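Asker: Structural data only, the sequence is not supplied:
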């Protein structure tokens, strides 16, 4: 199923010079669930959990028959609001009137920063939701923070990505593309720019790599694809580094600056904004978002563009939005909090974002998908609500190919 909804970014309300600490009374707030546009044959409004978060506090309320969830006695402030639930193949067909070839779908929605104030009492906040198929291969781990070596110097050679097969059957990953989102500051294309110029049709990437397509690459249920720049043993650097000599693919460095493993198959470079021989540019503190996609088209024929408003300089590749199978918006954490304004992915690809706790990296932190359940054959089903705020956790101890600490 192709995504055919032009998702709207959650409105980010910037409130200056407002101090809610002196508010003496609480208020009630309502959230109105808005179902996906594909639900043309009916709606199932009742009994869905709506979650509000502020700091470490989480509040949950269920929707009524009209899709409204009521939160009692809230202190006026800025909250995150989200929801997600799974529907089966049969439910999808009942609600949409169409046949689904996948095992089911996820309905999810998120407002990353929403002001709750007295002025909104009696006016429900609309929470749009979007539909995403349950994917087989997902982005399951981003280990890009780097660390420090024995002499307290920045160590970046042990970064890696992992992909995971959620499906109940073996999947052929040959030919799969891995795109790294732009990380330039200032951002070359904001979501507003892409809306204005390209009508929300593209995702902007700085690099694209490909799993070789010359022969099948089967991945069993619960199997992983470990990809790194240096498939060597990094475990003697510190406790957060690992032995990556068993990686499945390595982005070879033709410049010789990175130690490569001749025994590890090469990850192919399909596009790079900078050096065509470059390794994966996984930024320590973010942003370093990742997408995966498939296409039979020649990427050299795809649209490329300079940064918004420019006619020279670095060029970026425009990946058609409907081809994206999975995406993780990995944002930078600042002293003032996560920089949500720098979000790169539309909410139908990732309604939230992932981030590490450190502001500059070099802490060995890894973001990884939480385990949701166990399949009948015993392999893990990882959380996939299309919202990285819900789906990912942060760790300094989890090992490659592991999803429980």
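Answerer: Okay, I see it. These numbers were taken from a predicted model, which means no experiment stands behind them.
Asker: How many residues are close by residue 64?
Answerer: By other Cβ atoms under 10 Å, 15 other residues sit near residue 64. The way it works is simple: take the backbone N, C-alpha and C, and place the C-beta from them, glycine included.
Asker: secondary structure class for the closest residue to it other than its chain neighbours?
Answerer: The shortest distance from residue 64 to any non-neighbouring residue, by Cβ to Cβ, 6 or more residues apart in numbering, is to residue 46 (6.1 Å). With DSSP: H, G, I helix; E, B strand; the rest coil as the basis, residue 46 sits in coil.
Asker: Direction included, what does the worst-scoring helix or strand of the chain on mean pLDDT pair up with?
Answerer: Every helix and strand in the chain was compared by mean pLDDT, DSSP states H and E; the lowest is strand 130-133, with a mean of 81. If you go by DSSP bridges, strand 130-133 pairs up with strand 104-116 (antiparallel).
Asker: What residues of the partner strand count as buried?
Answerer: 105-116 (16 or more other Cβ atoms under 10 Å).
Asker: Let me know the pLDDT of the residue most central in space within the chain.
Answerer: Per Cα atoms, centre = their mean, the C-alpha nearest to the average position across the chain is that of residue 328, at 1.5 Å. On the pLDDT scale, residue 328 is placed at 97.
Asker: ok, now which ones touch residue 177?
Answerer: Contacts for residue 177 (Cβ atoms under 8 Å, 6 or more residues apart in numbering) come out as 208-211, 270, 292-295, 299.
Asker: From the residues you listed, which land in helices?
Answerer: Of those, none are assigned to helices by DSSP state H.
Asker: export these to TSV and tack on pLDDT and neighbour count?
Answerer: Listed next are the contacts of residue 177 as TSV, based on pLDDT from 0 to 100; neighbours: other Cβ atoms under 10 Å:
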residue	pLDDT	neighbour count
208	97	21
209	97	22
210	98	19
211	98	22
270	95	19
292	97	23
293	95	20
294	94	13
295	94	12
299	97	14
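Asker: The stretch 51-200 of the chain: strands as residue ranges?
Answerer: 57-62, 68-74, 77-88, 104-116, 125-128, 130-133, 137-143, 147-148, 154-155, 160-165, 171-172, 177-181 (DSSP state E, counting those that start in this stretch).
Asker: The fourth one: how far from the chain's middle?
Answerer: For strand 104-116, the separation from the chain centroid amounts to 14 Å (computed by Cα atoms, centre = their mean, to the nearest Å).
Asker: ok so, going back, what is the nearest of the contacts of residue 177 to residue 388?
Answerer: When those are ranked by distance to residue 388 (Cβ to Cβ), residue 292 comes first, at 14.1 Å.
Asker: The closest one pairs with what?
Answerer: residue 178, residue 326.
Asker: repeat for residue 87
Answerer: residue 105.
Asker: again with residue 226
Answerer: With DSSP bridges applied, residue 226 shows beta-bridge pairing to residue 162.
Asker: And it, how far from residue 265?
Answerer: According to Cβ to Cβ, to the nearest Å, residue 226 stands 11 Å off from residue 265.
Asker: same thing with residue 86?
Answerer: Distance, residue 86 to residue 265, using Cβ to Cβ: 35 Å.
Asker: so what's residue 210 up against?
Answerer: Residue 210 neighbours (Cβ under 8 Å, 6+ apart): 175-178, 267-270.
Asker: Would you reformat those residues as CSV and include distance to residue 259?
Answerer: Listed next are the contacts of residue 210 as CSV, based on distance: Cβ to Cβ, whole Å:
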residue, distance to residue 259
175, 28
176, 26
177, 26
178, 21
267, 16
268, 20
269, 18
270, 23
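Asker: Go through those and say which is closest to residue 337.
Answerer: Nearest to residue 337 among the contacts of residue 210 is residue 178, at 28.6 Å by Cβ to Cβ.
Asker: quick one, what contacts the residue nearest to residue 64?
Answerer: 62-65, 67.
Asker: How about residue 352: what's its closest non-neighbour residue?
Answerer: Per Cβ to Cβ, 6+ apart, closest to residue 352 is residue 389, 3.3 Å.
Asker: Can you verify that neighbour is assigned to a strand?
Answerer: No: read with three-state DSSP, residue 389 is helix and lies in no strand.
Asker: give me the number of residues near it?
Answerer: 20.
Asker: Domain-wise, how is the protein divided?
Answerer: Domains of the chain are assigned by automatic domain parsing as 27-133, 137-395.
Asker: circling back: could you provide the buried residues of strand 104-116 in TSV, with additional columns for distance to residue 195 and pLDDT?
Answerer: Putting the buried residues of strand 104-116 into TSV (distance: Cβ to Cβ, whole Å; pLDDT from 0 to 100) gives the following:
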residue	distance to residue 195	pLDDT
105	25	83
106	24	84
107	24	90
108	21	87
109	19	90
110	18	87
111	18	89
112	17	81
113	19	84
114	21	92
115	23	92
116	27	92
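Asker: ok, back up a step: and the strands of the stretch 51-200 of the chain, which one is worst for confidence?
Answerer: strand 130-133 (a mean of 81).
Asker: Kindly compare burial across the domains of the chain and name the winner.
Answerer: domain 137-395 (a mean of 19; mean count of other Cβ atoms under 10 Å).
Asker: Can you measure across that one, start residue to end residue?
Answerer: In domain 137-395, first residue to last residue: 22 Å (Cα to Cα, to the nearest Å).
Asker: and if you look at stretch 198-216?
Answerer: 35 Å.
Asker: can you check stretch 201-216 too?
Answerer: Stretch 201-216 end-to-end distance (Cα to Cα) = 31 Å.
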